[in-house]
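Sharing a model that was predicted from the sequence below.
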Amino acid sequence: MSTRLFAVLSALALPALSLAADDLSDPVAVAAAMRKANDFYVSKLAVHGGYASSWKRGPGPGRSEHREGENLISIQPPGTPTVGLAMLRAYEATGDEAFLEGARGAARALIDCQLESGGWSDDFDFGGEDAQRRFLRKQVLAGDTEKGKRANLSTLDDNKTQSAMLLLLELAHTPAGKADPELQDALRYAFDHVLAVQTRIGSWPQQFSGAAPADGLVKKAEIPAEWPREWPKEKYHGYHTLNDGNLEELVHLMLRAHELTGETRYLDSAKRCGDFLLLAQFDGDQPGWAQQYDAEMVPSWARKFEPPALSSSESYGACLTLFEIWLATGEGKYRDTLSAALDWLEKSRLSNGKWSRFYEFGTNRPLYCEAGTYRLTYDDSNLPSHYSFQSDYLVNKVERLRADLAKPREDLLASRRPPDTPERRAKAARNLREKVKTALGTQTEDGIWLDKDEISAELFVKHLNAMSAYVKAFKNS
């Protein structure tokens, strides 16, 4: 054990929380396991400081959602941004700078593949032709300002650009990050461009390469009297997009940026998005939201299995987003519309206890696509397996949000910043103990976690975050 790591571990124990030395949840053992995992990732898996989402055991080529390669990193979680954030949380819990260096490496990888448009794509291959095929910000800084035929499309889909920005944001507010001008410049550049992409009505598209038009339409969405029952094969990446938590993650990012910097532009951006969600919510008996809306605020098709319809998961995400904006601002208009939406979600629950992803306008009947043909149907007996047309994702979530809405805002805010007392830390440690035991019990001798026979970044993030929170409970305040 290195002298630095030994000093870090020796400082962890609190008499009020100490456990037996042979206990699987001994905080010193937990911190050592965290360091073993971190060291394996940094020394064996990092590519230019960044990470794929999974690797063939060996380790072999890294994988993202769409491809694999020896020099590939993933931007999409659970890739580079989320691995880096987990390392940063481990540093905050232990004070061990090895974790900080891992997080800084992930940030450097992101900076080096940031697009000129300000955000990021799905992944990046540092050993292939991506540097020639994509228009990167670092190329512009080096004097290469002609885009030509190079790709420059940043994506907000699946929390890609948002998660990259969140890592840079959190790291930029550490002492090391504050002294890093390259990091600060990349972060400012990303925020400037993402804010410029926010539409006049307050939404964001799924993908972007330039600023939003200044003359976009601002109007209330309405349930359409008629809508196309067949997929029109139209481009949808510029639509107002709620799908896959697009706006939810952006508002989380803006609220966190406002919390850390105090800059009003971030809070204003979150409020503008809240105003869009109020306009996008339907009136009447179906006060929910669609997955996406075109420039005329008409619910529209996206992929061939994503029809214009009420969407249960996106409606819950919109509720949660409005709830967070209300908590941040205290403005009642963001809260007032939520009860009706939650009522609709509750009445739309299926007899099997799940929710359909889609509900038909007017009738509220569950809508599905038939496997193979993707023809719209009300029959759920032959569904494609690649998409969640039914889910128990909302089980307990609707009730929990409704319960929170019944509490005073001041109490909710106080509960998120509880006093740091030995009793509270002891409770936190007890609540995390089983998760930590699972992490320790499933970690290999190399310090990694496997999903079947693949090294899994998702499990790394999950377990490292749990162990970090556990170890943090044993630190002196």
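Yes, it's here.

and the longest helix for this protein?
helix 422-442 (DSSP state H).

So what are the structural domains in the chain, by residue number?
As assigned by automatic domain parsing, the chain contains the domains 3-192+420-472, 221-416.

Quick one: the helices in the stretch 201-350 of the chain, in order.
Remark: helices assigned in the stretch 201-350 of the chain by DSSP state H, counting those that start in this stretch are 246-261, 264-280, 312-329, 333-336, 338-347.

Could I get these in JSON lines, plus columns for mean neighbour count, mean pLDDT and distance to Ala106?
Yep, even glycine has a C-beta here, placed from its N, CA and C like the rest. Below are the helices of the stretch 201-350 of the chain laid out as JSON lines (neighbours: other Cβ atoms under 10 Å; pLDDT from 0 to 100; distance: least, Cβ to Cβ, whole Å):
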{"stretch": "helix 246-261", "mean neighbour count": "21", "mean pLDDT": "98", "distance to Ala106": "17"}
{"stretch": "helix 264-280", "mean neighbour count": "20", "mean pLDDT": "98", "distance to Ala106": "23"}
{"stretch": "helix 312-329", "mean neighbour count": "22", "mean pLDDT": "98", "distance to Ala106": "26"}
{"stretch": "helix 333-336", "mean neighbour count": "17", "mean pLDDT": "98", "distance to Ala106": "34"}
{"stretch": "helix 338-347", "mean neighbour count": "17", "mean pLDDT": "98", "distance to Ala106": "36"}
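
and the ones you listed as TSV, adding distance to Ala403?
Conversion of the helices of the stretch 201-350 of the chain to TSV gives the following (distance: least, Cβ to Cβ, whole Å):
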stretch	distance to Ala403
helix 246-261	20
helix 264-280	21
helix 312-329	12
helix 333-336	14
helix 338-347	11
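
Pro78 in helix, strand or coil?
Put simply, Pro78 is coil when judged by DSSP: H, G, I helix; E, B strand; the rest coil.

wait, isn't Asp122 in contact with Ser74?
Yes: proximity of Asp122 to Ser74 meets the contact threshold set by Cβ atoms under 8 Å, at 7.3 Å.

quick one: Arg150 from Ser209, how far?
Distance, Arg150 to Ser209, by Cβ to Cβ, to the nearest Å: 11 Å.

for Ala86, that is, sorry about that
For Ala86, the distance to Ser209 equals 30 Å [Cβ to Cβ].

More neighbours: which of Asp122 and Ser74?
Set Asp122 next to Ser74 and count neighbours by other Cβ atoms under 10 Å: Ser74 wins out with 27 against 16.

Contacts only, for that one.
Going by Cβ atoms under 8 Å, 6 or more residues apart in numbering, Ser74 touches 50-53, 62-65, 80, 122-123, 457.

In the residues you listed, which residue is surrounded by the most others?
Result: Thr80 is most packed of the contacts of Ser74 (other Cβ under 10 Å), 34 neighbours.

which residues sit in contact with that residue?
For Thr80, counting by Cβ under 8 Å, 6+ apart, the contacting residues are 50-51, 73-74, 106, 109-110, 164, 167.

Pick out whichever of Ala86 and Ser209 has more residues nearby.
Ala86 (30 against 19).

Chain neighbours aside, what residue packs nearest to the spatially most central residue of the chain?
Nearest to the mean C-alpha position of the chain, by Cα atoms, centre = their mean, lies Asn159 at 4.5 Å. Take Asn159 and drop its neighbours on the chain: the residue closest to it by Cβ to Cβ, 6 or more residues apart in numbering is Glu249, 4.7 Å away.

who touches the one you found in this structure?
156, 159, 162-163.
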